Each structure stands twice: as C-alpha cells, then as structure tokens.
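Participant: just the structure for this:
(chains A and B)
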Protein chains: 2
Amino acid sequence: MTPLDLPQPYLVFLGDVTEVAYAKTAAGLRDWAPDQCVGEYGLPKGDFTLGLPVLSPAEAYEKGARAVVIGVAPMGGGLNNGWVAPLVEALEAGLDIISGMHAPLAGVPALKETAERLGRRLIDVRRPPAGLPIANGKKRAGKRLLTVGTDCALGKKYTALAIAEAFRKRGVATDFRATGQTGVIIAGGGIPMDSVVADFLAGAAEVLSPDAAPDHWDIVEGQGSLFHPAYAGVSLGLLHGSQPDVLVVCHQIGRDHVLGMGETYPLPSVEETIEINLYHARRVNREARCAGISLNTASLDDEAAAKAIAEYSERTGLPCADPIRGGAAFARLVDSCLNP
Amino acid sequence: MTPLDLPQPYLVFLGDVTEVAYAKTAAGLRDWAPDQCVGEYGLPKGDFTLGLPVLSPAEAYEKGARAVVIGVAPMGGGLNNGWVAPLVEALEAGLDIISGMHAPLAGVPALKETAERLGRRLIDVRRPPAGLPIANGKKRAGKRLLTVGTDCALGKKYTALAIAEAFRKRGVATDFRATGQTGVIIAGGGIPMDSVVADFLAGAAEVLSPDAAPDHWDIVEGQGSLFHPAYAGVSLGLLHGSQPDVLVVCHQIGRDHVLGMGETYPLPSVEETIEINLYHARRVNREARCAGISLNTASLDDEAAAKAIAEYSERTGLPCADPIRGGAAFARLVDSCLNP
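Facilitator: Numbers count the residues shown, from 1 in each chain, chains lettered A, B, ... in the order given. Below is the predicted model:
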C-alpha cells in the first residue's frame, strides 16, 4: 500500500471559468507547483488565466505533460457537458485525467470509453488508495510537523506548504504530505483523509508519513479541527497517525464560530487549541510540542495585521506569523519549528 | 437515509463451530435477543448449541423466521466452503442472509446467483447505509447515553445492552443504538461506525439517534476509545454526533495497556477517561455528565470483584458496577443514569 502517486507534469484545465473563486486548485498549482505545470487549457467562454502558456493537449504532451488536471470546481460538483469533448481530446493526445470532483470521472461514458480504448487513466483524487492498514501505533524514524486549526478552511494547507518551502530553502530534506484533494494534486500524491473508511484513518496517516532518515521532515497538511462537530474524528485520526513532533496552530483573525454552522459553535481560543492538540499528540509522541501560530490576516491591512501577530505572540509566548505576509515573523516561526 | 433495518426474526446459523469463542454473535443473540431467534441450524460436525430448537430453514420459515444469521466467525474471516450448500438451502426456503463477516456475501457465486434468482437479500452488516450526511451539529430532542471506555473490547456493547434492558424494565422508553456489526445484528438495525467514510462519522451518529420524545432514551453502543492510536477518530466522531447527555465509562480490571499493541500504550486512568470524554462531549452538549463506571470484573472471584467495585466507586465518587454481576450496585448505576 502506498499513497496516491499522480502522473506529472500537468496541463491545467480551466473549463469556462471566469473567476478565481472557482479555480482554487488551479491557483494552488500556480502558486505551489509551477514547475509541474507546462501550460493551461480553457474553453473560449472562460476568461480566467493562470498566466501559463496556453497549449492544446497535443502541444502539452509534446512539452512533457502526462496528465490534464481539472483545476476548477464546476457549479454543482459535476462535470459540465461542454467539458467532455476537450477532455476526450486530452485523452486522445496521450494525457491521463486527474479530478478532485465528488462525481467519479468514469461516470461520464465518453471519458470511460475513451480511456479504456486508449489505456489512459481516470484518476479521482478523492478516492483513497485500496488496502489501507489499521494503525499499528509504532514509532517511526524521521521528524513530522502537522498543521492543526481552531476550525476548518482557514489556512492549514497553505501554512504546511509555506513551511515545507521554507524548510527546503534552508536545505532541510522535506516532504509535503497532502491529506486533501487540492493538496494531493499540488503534491502529485497523498491521501484524501476525509474519504478514508473510519477504521483506517490513523493507519492512512501512518502510511502517509513513513519511516524516514532521522533528519528528514514530513510536513503534514492538517484537516478539520478537534472542535469541529462534523470533522473532529478525521482530525484526531490524522493527529494520532502522524505522530507529530511539532504542531503549528492555524487561526483566522475574525473567525469566531465554526464555519457553516451558524452561531451554535464558538471557536476555542488558540491557547485551548494548543492544549488539547498537544494532549492528544502526546499520546503517540511524548516529545510533541507547539512551535507557534499561523495567523490568517487576509482581512486586515498591514498595520492591523502586524499588531494582531504581535498580540498573539505576546499572549502565547510563541512565534506567530502570517505565512502569506512572510517576513521576519515567519522566519522566526520556521526557526521555532526546526529548533526547540 | 435511515440506519440498517434487518428482517427478523432469525434462524441462527452455527456452521461447524465447536467453541463459543467462535460464536460470539450467536451467543449475543441468545443473551440479548432471544425473542428474535426462532431456532438454530448447524452442520453435523459442529457440536456447539445455543439451546434453541434445532430447525431446518423450511421449518424456521414456517415458524416466522425471515432471515438466517451467520452467528459464527469463520477462521480467516471468509465463508467456509461447507457452509455454501446450507445457506443456499436457507435462501430457497425463503430466508434472507445476514452476515457480519468482512468478505461480502455476494462474493460467493452460488449465494449471489440464488439470491438474485429468488429475490432474496444478502445483507452485509459491516456495510454502512448509503447517503449518510455530513453532521449538522444541531441539538436534537430526547435523551442520549453513550458508553465510552479506557480501551476497545472491554464491555461497551454489553454495558449499553444491560442499561437499555434495565431502563425498559423501569418503564422508560428506550432504544439500544448499535454501532458495530454484532450490536447491529442483535438490535436488528444500526450503523457499523468503523465502516463509515471518515467525513460522515459524526453525521452517521446523528442519523443513528434521531430527534425523539423528550423523555425517550437512546442508549448508544460506544466504539474504541479516545486513547486508542488506531480507533480514536471513530470514538470522537461518535461522541460528537451522539450529543450524549450521559456517559458511562467502561473499564476492565487488569487491563493495563491498549489491547494488541504490546506494552507501548498504557491505558489512561478511569478519572482521565472521564475528564477527556466529558471535555469533548460538552462541545456538543453542555449538560453532558458522567453517571458512573461499568467495571468488567470477569477475571475476579465474587469477593475480589465486590472490593474492586467499591474501590472504584470511592475513588471517583460515582456509582460503579459490573453489569454482568448486576445487583444493588448496578441498580445504583442505572439510578444515576436516569437522575443526576
């Protein structure tokens, strides 16, 4: 059993999207895996661009592409009819198709038939690999960092990617370990934890960050939160299976309640989030520590952001930074991750 | 979406089993659902008996049986070849087949063909119902009790069944809510939580114990433990989705380490188990409380058991009982569940 392993590099399919809000995977690829994207490919109606070379599937294959990635989220979650012909063209040009959509690619007859006829792969990254084991709880060699949060959808993936990049720039052997469909597409592999059968949650996390050299770091993308009434089980399974040495706690300024549940569930404080995540992490790794706080300050101007970052750092006694803003604060957070 | 709903009453199939250790589901049915078992049915080689009338499938159907339950765990987890002909006979007699095995019944060609030809159902209770929702976290009416534990496999199902029976004897409207395959077969319905896709864990628990009358109790069978390196995610999803008003903490005397993981993981104390379970339960139900302790004292003689029960009760200030031993201690535990 190994995590998903995707064919790269990619041609990024943009469909007929006109706004970045529907092209999050595409934007993530541009930001975090530009070397793995040979070009982009859209329909005439769409006017959104990543700024990559516009290539036909055949041209992309010539330039080395091995898969077309559906980098956009269609309205309704399914594939638009108008996308079928250009995706069939991609299969005919020699490319596999990679999708993060809920609906399986093989549910579209034209794609299924063409892929079978030509021996291409239709890869749904929401589908976890087969044969995942029950966790064994055995200590693994190498170092692991996990991003955790006060809530879902506030920067755990971005923070993990930014820390992995910073580690690499410092010459540290590092792998980003993706746990959600966008992360898996960016990384070219990983396991979509929310799609794993519950019995195998921690086992999947163990497989995702296997034994490694003592000075190697796995930076594991967090999912959900221990406080989320719908997703906490995923978060705890991932926390146990990852056996993290280091936690980075992610929070978004202004987020007061669990997203999507009205005002029923107030968020915990960052301090409480640290405490309860460390409590559970130490069940599997007695040395687990929190290295600092990643603060999503997208809603603030520069001055207010700097003030908020300083406040959280003073309150908790830990480095705090917004990875998107980077700078000296982020360098201190990275220092703290590497050196207790 | 509704939980599984099994055809009853049952004819219990015992295969060629010779020891109760391989017939746990059958023994559970005898102990907890005798009214739902019209008879038993075994092969000549087997000499294990539940003491029920020995009936052929045709005789069982005559007496009202609507399904044959595979009440034994075959070596290796798959179906023995010698069992196929008697199970085909059951289908031909008008019975559906219910199995808690890992391998799906439809994987046996003779069963699949016969069931399709006759319109019978092959029901794998490890397979969760389709269409489970993401949890919505909304407070539901009615009362809920969840059994939790210091570890897995130490009496959470038995405790829940015993409390449900005691509630019913006191005239309290009660449903036992099964979360594992044996419990589902005993109850004739439920959801096997460990087989649910992780994203839907808490949502499955919400569906399992729906809105009910204010004085109605759901007694929910616990799974795993928050301290178990493989199964804690299931436990937390079940805890959140169940929104329990009352927890009963289960422990086995002499169990010092997590089962099946050597000596790597010492068990938490009962006090710590209460604390951390209440912490997470109060995220979804501020009124959650621990009503007492269910102590598995099977390894002790009567005197030692009584002493252990008294010790745990004194240490924690909570009622403590072994439901298998029952008596005044168990009555006090049941009192405490019903009345804060």
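Participant: around chain B, which positions in the stretch 101-250 of chain A sit nearby?
Facilitator: When proximity is defined by Cβ under 8 Å from any Cβ of the partner chain, the stretch 101-250 of chain A lies next to chain B at A:134-139, A:193-199, A:201-203, A:226-227, A:229-238, A:240-241. Just so you know, the C-beta spots here come from the backbone N, C-alpha and C atoms, and that holds for glycine as well.
Participant: tell me the buried residues within those.
Facilitator: A:134-137, A:193-199, A:201-203, A:226-227, A:229-238, A:240-241 (16 or more other Cβ atoms under 10 Å in any protein chain shown).
Participant: so for the helix or strand containing A:R30, mean pLDDT?
Facilitator: Taking DSSP states H and E as the definition, A:R30 sits inside helix A:24-32. Mean per-residue pLDDT for helix A:24-32: 91.
Participant: cool, and stretch A:52-65?
Facilitator: For stretch A:52-65, mean pLDDT rounds to 97.
Participant: other residues contacting it?
Facilitator: By Cβ atoms under 8 Å, 6 or more residues apart in numbering or on different chains, the surrounding residues in contact with stretch A:52-65 are A:9-12, A:30, A:37-42, A:68, A:86, A:89-90, A:92-95.
Participant: just the buried positions in it, please.
Facilitator: A:L52, A:L55, A:P57, A:E59, A:A60, A:Y61, A:A65.
Participant: if I look at the fifth one, how far off is A:A90?
Facilitator: To tie it back to what came earlier, the one meant is A:A60. Plainly put, A:A60 is 8 Å away from A:A90 if you go by Cβ to Cβ, to the nearest Å.
Participant: shared neighbours of these two, which are they?
Facilitator: With Cβ under 8 Å, 6+ apart, A:A60 and A:A90 have common neighbours A:L11, A:Y41, A:V68.
Participant: count the neighbours of the nearest residue to the last one once chain neighbours are set aside for me.
Facilitator: Distances taken as Cβ to Cβ, 6 or more residues apart in numbering or on different chains put A:A90 closest to A:V68, at 4.2 Å, once the chain neighbours are dropped. Neighbours of A:A90 under the rule other Cβ atoms under 10 Å in any protein chain shown: 26.
Participant: mind exporting the one helix or strand A:A90 maps to as PDB, just the C-alpha atoms?
Facilitator: Using DSSP H and E, A:A90 falls within helix A:84-92. Provided in PDB are the C-alpha atoms of helix A:84-92 (Å, rounded to 0.1, in the frame of the first residue of the first chain):
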ATOM      1  CA  VAL A  84     -16.400  16.400 -22.200                       C
ATOM      2  CA  ALA A  85     -15.100  17.000 -25.700                       C
ATOM      3  CA  PRO A  86     -12.000  18.900 -24.700                       C
ATOM      4  CA  LEU A  87     -11.200  16.200 -22.100                       C
ATOM      5  CA  VAL A  88     -11.700  13.400 -24.600                       C
ATOM      6  CA  GLU A  89      -9.200  15.400 -26.800                       C
ATOM      7  CA  ALA A  90      -6.800  15.300 -23.900                       C
ATOM      8  CA  LEU A  91      -7.100  11.500 -23.600                       C
ATOM      9  CA  GLU A  92      -6.500  11.200 -27.300                       C
END
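Participant: strands of chain A, residue ranges please.
Facilitator: Here chain A has its strands, by DSSP state E, at A:4-5, A:10-15, A:37-42, A:67-70, A:96-99, A:122-124, A:143-149, A:174-177, A:189-190, A:217-220, A:246-252, A:289-296, A:320-321.
Participant: out of the ones you listed, which gets the lowest mean score?
Facilitator: Among the strands of chain A, strand A:4-5 has the lowest mean pLDDT, at a mean of 84.
Participant: each with direction, which strands does it pair with?
Facilitator: Strand A:4-5 sits in its sheet next to strand A:189-190 (antiparallel), going by DSSP bridges.
Participant: rewinding a little: with distance to B:D301 added, can I get the buried residues of stretch A:52-65 in CSV?
Facilitator: Shown next, in CSV, are the buried residues of stretch A:52-65 (distance: Cβ to Cβ, whole Å):
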residue, distance to B:D301
A:L52, 76
A:L55, 79
A:P57, 76
A:E59, 81
A:A60, 76
A:Y61, 76
A:A65, 73
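Participant: give me the outermost residue of chain A relative to its centroid.
Facilitator: Largest separation from the mean C-alpha position in chain A: A:R117, at 32.7 Å (Cα atoms, centre = their mean).
Participant: any idea how far that one is from A:L91?
Facilitator: Separation of A:R117 from A:L91 (Cβ to Cβ) stands at 9 Å.
Participant: cool, and A:A328?
Facilitator: The value you get for A:A328 to A:L91, if Cβ to Cβ is used, is 49 Å.
Participant: contacts only, for the residue nearest to A:V68.
Facilitator: Shown in contact with A:A90 (Cβ under 8 Å, 6+ apart): A:L11, A:F13, A:Y41, A:P57, A:V68, A:I97.
Participant: go again using 10 Å as the cut-off
Facilitator: The contact partners of A:A90, by Cβ atoms under 10 Å, 6 or more residues apart in numbering or on different chains, come to A:11, A:13, A:41, A:56-58, A:60-61, A:65, A:67-68, A:96-97, A:111, A:114, A:120.
Participant: any idea how far A:V234 is from A:G203?
Facilitator: To A:V234, A:G203 is 13 Å away according to Cβ to Cβ.
Participant: give me the common contacts of those two.
Facilitator: By the contact definition Cβ under 10 Å, 6+ apart, A:G203 and A:V234 are jointly contacted by A:V196.
Participant: isn't A:L50 right next to A:L14, touching?
Facilitator: Yes - A:L50 lies in contact with A:L14 (Cβ atoms under 10 Å); the separation is 7.4 Å.
Participant: so A:R282 is in contact with A:R289, correct?
Facilitator: Yes - the criterion here is Cβ under 10 Å, and A:R282 meets it with A:R289 at 9.3 Å.
Participant: more neighbours: those two, which one.
Facilitator: Neighbour count, other Cβ under 10 Å: between A:R282 and A:R289, A:R289 has more, with 17 against 13.
Participant: reformat the shared contacts of A:A60 and A:A90 as CSV; add neighbour count and distance to A:R170.
Facilitator: Converted to CSV, the shared contacts of A:A60 and A:A90 look like this (neighbours: other Cβ atoms under 10 Å in any protein chain shown; distance: Cβ to Cβ, whole Å):
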residue, neighbour count, distance to A:R170
A:L11, 28, 32
A:Y41, 26, 36
A:V68, 25, 34
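Participant: A:F48: what's it in contact with?
Facilitator: A:F48 sits next to A:14-23, A:26-27, A:40, A:42, A:71-72 when contact means Cβ under 10 Å, 6+ apart.
Participant: what segments of chain A are helices?
Facilitator: Listed in chain order, the helices of chain A (DSSP state H) span A:24-32, A:57-62, A:84-92, A:109-118, A:156-169, A:181-187, A:201-208, A:232-242, A:270-284, A:302-316, A:327-338.
Participant: which of the ones you listed sits most buried?
Facilitator: Stretch with highest mean neighbour count among the helices of chain A: helix A:232-242 (a mean of 30; mean count of other Cβ atoms under 10 Å in any protein chain shown).
Participant: would you mind writing the CA trace of that helix as CSV?
Facilitator: Only the C-alpha atoms of helix A:232-242 are listed here, as CSV (Å, rounded to 0.1, in the frame of the first residue of the first chain):
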residue,chain,number,x,y,z
ALA,A,232,-13.2,16.2,14.6
GLY,A,233,-12.9,12.4,14.0
VAL,A,234,-10.8,13.0,10.9
SER,A,235,-8.6,15.4,12.8
LEU,A,236,-7.9,13.1,15.7
GLY,A,237,-7.2,10.1,13.5
LEU,A,238,-4.7,12.2,11.5
LEU,A,239,-3.1,13.6,14.7
HIS,A,240,-2.6,10.1,16.1
GLY,A,241,-1.4,8.5,12.9
SER,A,242,1.0,11.4,12.1
